[in-house]
Structure formats: C-alpha cells, structure tokens
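Participant: What would the 3D arrangement of this be:
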Amino acid sequence: MEAGEGEGSTGELCPHLGPAAAETSPQISAENCLELLTKAKSGGAEGAKERIYRYMSDHYLQVLRSPAVYGRLTAGEREHILARRMEGDKVLVVAETSEVCDRGGSRENSRPQSPQLPAPEDSSHRRVFCLHPERRQWEVLTSLPEEIPAKGSGMCTMYNYLFVAGGMRTHGDGRSKASDRVFCFNPLTDTWSPVRPLSQPRCQLRLVSMDGYLYAIGGECLFTVERYDPRADRWTPVAPLPKGSFAVAHEATSCGGELFVSGGSLFYRLLRYDSRRDEWEECPFNESRRRSTDMVAHRSLVYRFDVDRERAAVSVYRYNTVVKAWHGGACFPLHNPLPFRCAVLGDRIYCVNRSHALQFEVREEREGFLPEVLSAPAEARGALVPFVLSLNRDK
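Facilitator: Numbers count the residues shown, from 1 in each chain. Below you'll find the model as predicted:
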C-alpha cells in the first residue's frame, strides 16, 4: 500500500471525530477492512468506502483467501473490486528466463530434451519488462526474486497477478533439483509474495489459468496435473495426462473453459481437459509434424505457431474448439526464424523472442503478421516469456 493511501483513507472513516482522532484511526488491512467498510457504509462516508474497495482490489488475493471478508461481501461488491483490479492500461510484459531445452526446430531435432548439462545458477537478477503503450519503449517493471529458479519455471497470469511455479535449480556442485515453490507478483502494490507450494516439485511444467484456478501441467517426465484454488490456498490433484502422451508438455493454453495441451515428440497430438468431468480426451490430429514454438487461445480458436528454420518461415494453424476442426496452415516468411513465445492482447498475438516482437493480427476480415516489428528489450538476457498485465499508471 502506498504511504499516503492509508493516511488518506482513515481520515474519512470517522469524519465526525476530526483530524486528531483520524491520526489514531487504524490503517486498512486484510483483518479490519470489512469492519471499516461496514462503518463507512453506515456513516455514509462514500470516499472512505471507495478507498476500502480500492484496498480490497489492490490486495485481492488476501481478501479472496479470507472467508470472513470475501464471504460477507455482496455479489455486486465482489464484481466491483475485481473489475477495479483489472482496470488500467493492458500492457505487454516479458520476463527473462533460461529455457531448459530448445523449443524450436525441425522434426529431426525435436525429441523431448532433458535439462542441459548442469551449470551454476545465474546469480544476476532476472527482470520483468513492460512495453509502454504510447512510447513503444520497454521499461523495467520488477525483478524476479532470487528464490525463483532460472530454468524450467511455469508462468501465467490470473486476476492481474503474475504467478511463477516450479523450475530446476542448479547448485554450485553441479546437482540439479526440481522446485515446488510458487510465487506471485502484484503489479498494483509492486510486491512479490510466496504462494502455497506445489504438491510435488516440477520442472518444465506448463502453468495455465482457467476459471479462477491455476493448473500445473506435467513437467519433466511427469504426467500428473494439479489445480490451485486461490480461495482455499490449496493445490489438489486432477486427472493426469494420459499415459504415453508426452514426456514434456511443451505447450498448453485454456480456451472456452477447457485446457488444451500439446507437446513431446508427438507434436500433431492435441489433448483437451474437461474440468466438469475431470477427463482428458484426444482432439483431431494436426497435419503438422513439426514442433510448435507456442500455442495460445483467442476467442474460440487455439492458434499454433510452427517455426521452420530451414525454410525461414512460420506456419500458423487454428483449431476451432466449437466445431472441433483444424484450419489454416498459412506460411509466413521470417527474416529471423528463431523460436518465440506468445501472448494475446486484444486482437493481436505478440510473438516475442530476444530479437524482436512480431504482431499477428486475428480479425475476422483478415489474419496475418503486421509489417511493424517491435524491438525487444535492449539488454534482455536468456529467453523471454510474454504475458499481459493491467497497470494503473494514475495511482
């Protein structure tokens, strides 16, 4: 919470007592916010009420985890504080990381990869950059905590938080160990905090948010899947990936309340998870036999990008989750056919690597890469993982 926020919010909670009493009024916290909100409502202190809603929005996970608070809010109040949390500029954000394996390439070099030879952990701070929407310039938003392994972590956003889970930490003596730790970044308070650890350590997992839950999918030689409920602050197992499906789940995304996973050496396969029945099922096969560089969802479509270094091109396929059929396969030339990772912002899919950020437009009347190529952060290290956050620059 900003230094001036608490001071300003307490003065109106007891407007009839004057400045001296206001100075001794309690600061807003997760423990007292509901009590203060009740007083503000009964006293007609609209300004104080809105500041308490703002606190609840800024500290949404804390409020969500407290049944004594969240459970006593009205449905309208719950919608209000979440809507406030999602306000602001939606911006493209990228995090520096070290990939454990090569994600791109042709079928010949596309076998599932084990972690690279052990090397000492990179002690330098890995940064998170955001792209300023007007100036089109990259700015440092935060740095990842040193406790987060440099390799093999899963990342995704939910409720305008950035979550980072698992990974492979390599020690100075050459020993490597998968991590079960989970952290989240709150862009509205500029703070990192730990989250309940995974049920089991995972490296090269895919972390996906769907319907208010996080899903930790697979990992190096793992078929298990677990789901995080932020209200209960608990991870619980769900149906595992089918046996023999993937040694590593290279891509995963959510679309229309369902999870879709592809990867391993059987790149044409696509699995769908139905959370209502807690079951995985096979989707129609894709004609491509190349490793996809990433897979994302836009509306009812799942987009898959296959980079072909030999042809210096990328093929884009669409899977319609409603009619359950693949379309497309359009090929676009790439001057620099390096693997990239994707994030969806509006009607554009941003395809980002350390060299540049391509913009793939997905409108009904047209679909394809835009001529404008954005630069990557000038001094970025390692691989870049993109996602989208809402930043309130007026606060």
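Participant: Roughly how far does Leu241 sit from Tyr273?
Facilitator: 9 Å (CB to CB, to the nearest Å). Glycine gets a C-beta too; all of them are placed from N, C-alpha and C.
Participant: Find residues that contact each of the two.
Facilitator: Shared contacts of Leu241 and Tyr273 (CB atoms under 8 Å, 6 or more residues apart in numbering): 225, 261, 280.
Participant: hang on, isn't the last one packed against Leu241?
Facilitator: Yes. The pair Trp280 and Leu241 qualifies as a contact (CB atoms under 8 Å) at a distance of 6.4 Å.
Participant: between the two, what contacts are shared?
Facilitator: With CB under 8 Å, 6+ apart as the test, Trp280 and Leu241 both reach Leu271.
Participant: which one of Leu241 and Tyr273 has more residues nearby?
Facilitator: Set Leu241 next to Tyr273 and count neighbours by other CB atoms under 10 Å: Tyr273 wins out with 23 against 20.
Participant: Over to the residue lying closest to Leu34 once chain neighbours are set aside. Which of the three states is it?
Facilitator: Leaving out its chain neighbours, the residue that sits closest to Leu34 by CB to CB, 6 or more residues apart in numbering is Val69, at 4.7 Å. What DSSP: H, G, I helix; E, B strand; the rest coil gives for Val69 is helix.
Participant: Check what pLDDT Val69 gets.
Facilitator: pLDDT for Val69: 95.
Participant: what's the answer for Leu338, then?
Facilitator: 82.
Participant: didn't it look like it was pressed against Val314?
Facilitator: No. Contact between Leu338 and Val314 fails when scored by CB under 8 Å: they sit 10.3 Å apart.
Participant: which residues are common contacts for these two?
Facilitator: In contact with both Leu338 and Val314: Val307, using CB under 8 Å, 6+ apart.
Participant: Looking at the two, which has the bigger crowd around it?
Facilitator: Val314 (24 against 14).
Participant: Can you point out the buried residues in the longest helix seen in the chain?
Facilitator: Using DSSP state H to define each element, the chain has its longest helix at helix 46-58. Using 16 or more other CB atoms under 10 Å as the test for burial, helix 46-58 gives 48-49, 51-58.
Participant: Tabulate the CA atom coordinates of that helix in CSV.
Facilitator: The C-alpha trace of helix 46-58 is given here as CSV (Å, rounded to 0.1, in the frame of the first residue of the first chain):
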residue,chain,number,x,y,z
GLU,A,46,-18.5,7.4,0.3
GLY,A,47,-14.9,8.4,-0.1
ALA,A,48,-13.8,6.1,2.6
LYS,A,49,-15.9,3.3,1.2
GLU,A,50,-14.2,3.6,-2.2
ARG,A,51,-10.8,3.7,-0.7
ILE,A,52,-11.5,0.4,1.2
TYR,A,53,-12.8,-1.1,-2.1
ARG,A,54,-9.5,0.0,-3.7
TYR,A,55,-7.5,-1.7,-0.9
MET,A,56,-9.5,-4.9,-1.4
SER,A,57,-8.9,-4.6,-5.1
ASP,A,58,-5.2,-4.0,-4.7
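Participant: Just list what it packs against, helices and strands only.
Facilitator: helix 3-11, helix 33-43, helix 75-85 (3 or more CB pairs under 8 Å, 6 or more residues apart in numbering; DSSP states H and E).
Participant: Present those helices as TSV; the columns should include mean neighbour count and distance to Ala150.
Facilitator: Listed next are those as TSV, based on neighbours: other CB atoms under 10 Å; distance: least, CB to CB, whole Å:
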stretch	mean neighbour count	distance to Ala150
helix 3-11	15	33
helix 33-43	17	37
helix 75-85	14	30
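Participant: Between those helices, which has the poorest mean confidence score?
Facilitator: helix 3-11 (a mean of 36).
Participant: residue ranges with poor pLDDT in the stretch 1-150 of the chain?
Facilitator: Applying pLDDT under 70 to the stretch 1-150 of the chain flags residues 1-26, 99-124.
Participant: go on, the stretch 151-300 of the chain?
Facilitator: For the stretch 151-300 of the chain, the ranges with pLDDT under 70 are 246-247, 249, 264-267, 289-291.
Participant: still on that earlier bit, of the shared contacts of Leu241 and Tyr273, buried ones?
Facilitator: Buried among the shared contacts of Leu241 and Tyr273 (16+ other CB under 10 Å): 225, 261, 280.
Participant: with these in mind, which one is nearest to Arg65?
Facilitator: Comparing these against Arg65 with CB to CB places Val225 closest, at 22.6 Å.
Participant: helix, strand or coil for the closest one?
Facilitator: Counting by three-state DSSP, the backbone at Val225 sits in strand.
Participant: Could you check how far it is from Ala313?
Facilitator: 34 Å.
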